[in-house]
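Q: Attaching a predicted model along with its sequence, questions to come.
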Amino acid sequence: MSKSVFIIAGEASGDLHGANLIKEIKKLDPDISFFGIGGERMKKEGVKLICSSADIAVVGFTEIISKLRAILKAAAAVKRILREKRPSLLILIDYPEFNLHIAGYAKKIAVPVMYYISPQVWAWRKGRIRKIRERVDRMVVILPFEEEFYRKNGIDVSYVGHPILDEIPERIDKDELRRRLDLFDSFPTVTVLPGSRTHEIKNTLPIMLSALNRLKRRYRRMKAFLVLADTLEEKFVRSFIKDNSLKIVPNSEIYNILSVSDIAFVTSGTATLQTAIMQTPMIVVYKGSYISFLIAKTLVKIPYISLPNLIAGKKIVPELIQNDFTVENLVENALKILEDSGYRKRMKEDLRKVKESLGMNASKKAAQIAYQMIRKSYDSLFKKIREKKHD
C-alpha cells in the first residue's frame, strides 16, 4: 500500500502552481505517486495525466458550451479513478465549478480534500461557501484577505502567501540587461502583456498596438516588448503586428523585462501580480464578449478586477474595462504615469506594499500542509486494514 495524490489543475496558471507544489511534496517524501489533470509542467514532475487541463479550461460564460462534452468525460474519469484507487489526498487547484463537483464525490467516498488557491467566492456567487464548508477539509489560500473570509465562514483555512513570489529570480543584473536589450539611450521602455488566450489577444492586442504607435510619435526613443505566454503560438501573435518595433520575448523573460520597464500594459489576470511584484507601474485592461461582460457585471460584487487593487484595498493602478478600454484612454493613462513623477512614485510605493503582503515560500508551506494530510489519511487507512486483519 503506497501513498498517492490525485491533483486537478484546470488552467495554465494552476499547472505551474501544481508543479511547484508537487516538487515540494516530493522533497518531503519522494515515494508519493501523483496522478490527475494538469499540463506539461505537472507532467514533467511525474504526474500521470488522465487528460490535459487545456482540454477542459474555459474562460467566460459562453466558452463552457463548446467544451462541455470534454468536461463531462473528464469528470466521469476522475470519479472512477478516485473510487478505484482511493488516493491519500485529493488536491484541487482553483477551477471551482469542476473542482467543487469532484470535491462532493470525494467526500462521499471518504477521500480527504485540500483546496489550494481559492475560488473567488469573495467576489461572486458567495453561496458556494456552503459547498466548500461541506466538501473541503482544508482551504490553503494565497491572498491575505482570503484567510479572514474563510475563517469567518467556519472553514479550516491556512494562508501561505502567493506562490508566484517563489518564481522571482534572486538577482537581476539590470545594467547587463539594458546592454543586452540596447536600452541605455531609450525612454520609455514599455512591456505589453496581452493575455494567455487567443480571444484575449484578439480583444486587447490591437488596442495596445495602436496606443504604442501614438506613444512612439511622442517618444522617439521608445522601446517596446511583448511577453509571449506559453499557451500561445508566436505566429498567431505576430499576425497582429505590422512592424518590427515591438520585440516578442518568451514568458521565461517576464521578470527580466519588467525589471527594466517604465510602464506595462497588462491584461487582467495573474500577470498583474507579476508586474506588481516587480513594482512596475501598469495599466490593467480587459475586454471580453458583450454577453459575458453583462453577466459578470450582474454577478461580481467587488470594486476592482485587478489583484493589486484588490490586495491593496484601494485603486493603486488604473483599470480600463470593456468600453473604457480605448486607445485614447490607454494613451492618456500612460502619459500620466510617464510624466507625472509624483503619481508614478506613489504607484511604485503602493506596489511595493502589495509585494510585501504576499509572503514567501508559499509552495513549501502548502506542501507541508498537504503532507500532513497525506500522512494522516495513510495512517488512518493502514490502521483500518490492520484492524480488519485482527478481526
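A: Thanks, I have the structure now.

Q: Tally up the residues packed near the residue found closest to residue 266 once you drop the neighbours it is linked to in the chain, please.
A: Closest residue in space to residue 266, ignoring its immediate chain neighbours: residue 193 at 4.5 Å, by Cβ to Cβ, 6 or more residues apart in numbering. For glycine as for every other residue, the C-beta is placed from the backbone atoms N, C-alpha and C. When neighbours are counted by other Cβ atoms under 10 Å, residue 193 registers 29.

Q: pretty sure residue 193 contacts residue 275?
A: Yes. Counting by Cβ atoms under 8 Å, residue 275 is a contact partner of residue 193 at 7.0 Å.

Q: shared neighbours, the two?
A: Residues touching both residue 193 and residue 275 (Cβ atoms under 8 Å, 6 or more residues apart in numbering) are 264, 266.

Q: now the residue nearest to residue 266: how far from residue 359?
A: 23 Å (Cβ to Cβ, to the nearest Å).

Q: and what of residue 347?
A: According to Cβ to Cβ, residue 347 stands 22 Å off from residue 359.

Q: how about the helices of the stretch 201-350 of the chain, start to end?
A: Using DSSP state H, counting those that start in this stretch, the helices assigned to the stretch 201-350 of the chain run over residues 234-238, 254-259, 270-277, 290-299, 307-312, 327-339, 341-356.

Q: Identify, out of those, the most deeply packed stretch.
A: Comparing the helices of the stretch 201-350 of the chain by mean neighbour count (mean count of other Cβ atoms under 10 Å), helix 270-277 comes out on top with a mean of 25.

Q: Report the mean confidence score over that helix.
A: Helix 270-277 carries an average pLDDT of 94.

Q: by contact count, what packs against that helix?
A: Helices and strands touching helix 270-277, by 3 or more Cβ pairs under 8 Å, 6 or more residues apart in numbering; DSSP states H and E, are strand 189-193, helix 254-259, strand 263-267, strand 282-286, helix 307-312, helix 341-356.

Q: so how far is that helix off the chain centroid?
A: Distance, stretch centre to chain centre, for helix 270-277: 10 Å (Cα atoms, centre = their mean, to the nearest Å).

Q: Can you give me the buried ones in stretch 210-218?
A: Buried residues in stretch 210-218, counted by 16 or more other Cβ atoms under 10 Å: 211, 212, 213, 215, 216.

Q: Just give the closest residue to the last one, not the sequence neighbours.
A: It refers to residue 216. Nearest non-adjacent residue to residue 216 (Cβ to Cβ, 6+ apart): residue 222, at 5.4 Å.

Q: and the one you found, how many neighbours?
A: A count of neighbours around residue 222, defined by other Cβ under 10 Å, yields 18.

Q: so who does it touch?
A: Residue 222 makes contacts with 186, 187, 188, 189, 190, 212, 215, 216, as judged by Cβ under 8 Å, 6+ apart.

Q: would you turn the helices and strands packed on helix 270-277 into TSV with distance to residue 104?
A: TSV is the format used below for these (distance: least, Cβ to Cβ, whole Å):
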stretch	distance to residue 104
strand 189-193	36
helix 254-259	37
strand 263-267	33
strand 282-286	31
helix 307-312	28
helix 341-356	35
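
Q: Which of these sits closest to residue 143?
A: Checking these against residue 143 by Cβ to Cβ gives helix 307-312 as the closest, at 6.3 Å.

Q: can you give me how far stretch 28-47 is from the chain middle?
A: 19 Å.

Q: quick one: buried residues of that stretch?
A: 32, 34, 35, 36, 37, 38, 39, 41, 42, 45, 47.

Q: In the residues you listed, find the pair that's most separated.
A: 32 and 39 (19.8 Å).

Q: Return the residues in contact with the closest residue to residue 352 other than its chain neighbours.
A: The spatial neighbour of residue 352 that comes closest, neighbours along the chain excluded (Cβ to Cβ, 6+ apart), is residue 279 at 5.4 Å. By Cβ under 8 Å, 6+ apart, residue 279 lies in contact with 348, 351, 352, 355.

Q: From residue 141, how far out is the first one?
A: When distances are taken as Cβ to Cβ, residue 348 and residue 141 turn out to be 27 Å apart.

Q: Also the third one?
A: Per Cβ to Cβ, residue 352 is found 22 Å from residue 141.

Q: Walk me through the domains of this protein.
A: For the chain, automatic domain parsing gives the domain ranges 4-161+359-390, 174-356.

Q: what's the span of the last one from first residue to last?
A: In this case it means domain 174-356. 21 Å (Cα to Cα, to the nearest Å).

Q: Which residue is the nearest non-sequential neighbour of residue 358?
A: Distance criterion Cβ to Cβ, 6+ apart; nearest residue to residue 358, sequence neighbours excluded, is residue 162 at 4.4 Å.

Q: Look at that neighbour and say how many residues are nearby.
A: The local packing of residue 162 (other Cβ under 10 Å) involves 26 other residues.

Q: my read is residue 161 is in a strand, agree?
A: No. Residue 161 sits outside any strand when classified using DSSP: H, G, I helix; E, B strand; the rest coil, being coil.

Q: got a pLDDT number for it?
A: Value listed for residue 161 in the pLDDT field: 93.

Q: Looking at the buried residues of stretch 28-47, spot the one nearest residue 155.
A: residue 36 (23.1 Å).

Q: helices or strands up against the helix or strand where residue 105 lies?
A: For residue 105, the host element (DSSP states H and E) is helix 96-108. Packing contacts for helix 96-108, counted by 3+ Cβ pairs under 8 Å, 6+ apart, involve strand 4-9, helix 64-85, strand 89-93, strand 113-116, helix 128-135.
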